[in-house]
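> Need the 3D shape of this:
(one chain, ligands or ions: 1)
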Amino acid sequence: MADLRVPTLRWAEPPEGPVLLLLDQTRLPSEEVELTVTDVPGLVAAIQSLAVRGAPVLGVAGAYGVALAAARGFDVREAARSLAEARPTAVNLGYGVARAVAAYEAAGGAGEAAAAAALAEARALHREEVEDSERMAALGRGLLGELLPGGRYRLLTHCNTGALVSVGGGTAFAVARAAHRAGELRRLWVDETRPLLQGARLTAWEAAREGMPYTVQVDGAAGSLFAAGEVDAVVVGADRIAADGAVANKIGTYGLAVLARHHGVPFVVVAPVSTVDLGTPEGAAIRIEQRPGHEVTELAPGVPVAPVGAQAYNPAFDVTPPELVTALVTERGVVAPVDHGGLAEVCSRSRSY
Ligand code: MRU
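Numbering: from 1, shown residues only. Have a look, this model is predicted:
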């Protein structure tokens, strides 16, 4: 379960009309402030500014975005198109949008009943997301117990994969938290995750609230940590997993996978089946979001860390080849090795829990 004072995302129906309320992640950890979204351009802006971010919650936000457009009488198909295109890499966004649109169309494609169907579908996805988080946490903790018998292990994680990327407990962070609650986590190493510091700002915030033993480090410190024998396993999330098992996740993930392999440490990906994209054949076909250079050349707006005019390379994600992934933990089971056969099989399982 998520334990946030302010939920990551919620639907509300004040007298002025339905709204989507988002915990503004750009303001964390300093302030817990909700952003009120009343229309689709507002939601697209919140997604692009990373006020709401992380693969699973993007799916839920996309579905509610369609419901919002329908409830407020906007053009639902146009809304769906702009939501699905707001960020290109996380497949969950398009998945959530498509589910709500399908429900809307199946209920007639116009009017109150169709709007109610889109909202019901968004709510169903919301509920599933919570359940899936709990299931991944349990399965992931079980897997770590097998890989690292004896417990008291040290995990390294990258970016943010907890309650903030989810309406439930999250993915990789939820596994670390389950391990902590079971007394099995000795330390969580938190990569700060340049340039937008999702690790330092968000994962550390979640870990602190949970009372977990954690340490923030600059991304470049990971190699020396492995060399010192301080990492027992890496746990990360994913934004899209291609049919061959290649994993797109926050920039820097691939480097950790190479380090893990070099040092003989398990590299575990935790993601719901909705992040698996069997329609994308291989990692090279995954579209990687390129973000503005100022995110690299400034620490914050107006705080430069590079000369004026410096060019910056700022891909938001990288792709880890499947041979570097020890296992994928989904809500429907663990896939190892991570290959097309294993992914197709886990995707074909029913959500029977
Ligand atoms: O750019 P962001 O902050 O949306 O990137 C998020 C990540 O890369 C997460 O690791 C990923 O979404 C997995 S969380 C389930």
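> For the rest of this, base every contact and every neighbour count on C-alpha atoms.
OK.
> what's the least confident helix or strand in this structure, going by average pLDDT?
strand 298-300 (a mean of 89; mean pLDDT, DSSP states H and E).
> What parts of the protein come near the ligand?
Taking C-alpha under 6 Å from any ligand atom, the part of the chain that reaches the ligand is made up of 53-56, 159-161, 165, 171, 237-239, 249-250, 271, 316.
> Could you list which of the residues you listed belong to strands?
N249, K250 (DSSP state E).
> Put the buried members of the residues of the chain next to the ligand into a PyMOL selection.
Paste this into PyMOL to select the buried members of the residues of the chain next to the ligand, with burial taken from 16 or more other C-alpha atoms under 10 Å:
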select buried, resi 53+54+55+56+159+160+161+165+171+237+238+239+249+250+271+316
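> and stretch 97-114, which residues are buried?
Neighbour-count burial for stretch 97-114 [16+ other C-alpha under 10 Å]: V97, A98, R99, A100, V101, A103, Y104, E105, A107, G109, E112, A114.
> farthest-separated two in the residues of the chain next to the ligand?
T171 and A316 (18.7 Å; C-alpha to C-alpha).
> Can you show me the helices along this protein?
40-48, 55-71, 76-84, 91-106, 111-147, 172-181, 204-210, 222-227, 253-262, 294-297, 340-348 (DSSP state H).
> just those: most buried one?
Comparing those by mean neighbour count (mean count of other C-alpha atoms under 10 Å), helix 55-71 comes out on top with a mean of 29.
> Could I get the contacting residues of the residue nearest to V319 when sequence neighbours are not counted?
The shortest distance from V319 to any non-neighbouring residue, by C-alpha to C-alpha, 6 or more residues apart in numbering, is to A248 (4.3 Å). Contacts for A248 were tallied using C-alpha atoms under 8 Å, 6 or more residues apart in numbering; they are T89, A238, D239, R240, I241, G283, I286, F317, D318, V319, T320.
> and these as TSV, adding distance to E230 and pLDDT?
Output for those, formatted as TSV (distance: C-alpha to C-alpha, whole Å; pLDDT from 0 to 100):
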residue	distance to E230	pLDDT
T89	32	97
A238	24	98
D239	27	98
R240	29	98
I241	28	98
G283	30	98
I286	32	98
F317	25	98
D318	24	98
V319	25	98
T320	22	99
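> Farthest pair within those?
Taking C-alpha to C-alpha as the measure, the contacts of A248 have their most distant pair in T89 and T320, spaced 13.9 Å apart.
> re earlier: between the helices of the chain, which gets nearest to T330?
helix 111-147 (5.7 Å).
> Which secondary structure elements does the closest one sit against?
helix 55-71, helix 91-106, helix 172-181, strand 327-330 (3 or more C-alpha pairs under 8 Å, 6 or more residues apart in numbering; DSSP states H and E).
> rewinding a little: which among the contacts of A248 gets closest to V190?
Among the contacts of A248, and counting by C-alpha to C-alpha, the member closest to V190 is A238, at 16.3 Å.
> List phi and psi for the residue lying closest to D132 once chain neighbours are set aside.
Nearest residue to D132, sequence neighbours excluded (C-alpha to C-alpha, 6+ apart): E331, at 5.2 Å. E331 adopts backbone torsions of phi -70, psi -10, taken as degrees, to the nearest 10.
> Identify the residues contacting E331.
D132, S133, R135, M136, L139, A271, P272, V273.
> same deal with T36?
Here T36 is in contact with V19, L20, L21, L22 (C-alpha under 8 Å, 6+ apart).
> Among those, which one lies nearest to L324?
Within the contacts of T36, proximity to L324 (C-alpha to C-alpha) peaks at L22, which comes in at 35.2 Å.
> okay, the closest residue in space to the closest one that isn't next to it in sequence: pLDDT?
Among residues not flanking L22 along the chain, L9 sits closest, at 4.5 Å (C-alpha to C-alpha, 6+ apart). The pLDDT attached to L9 in the predicted structure is 97.
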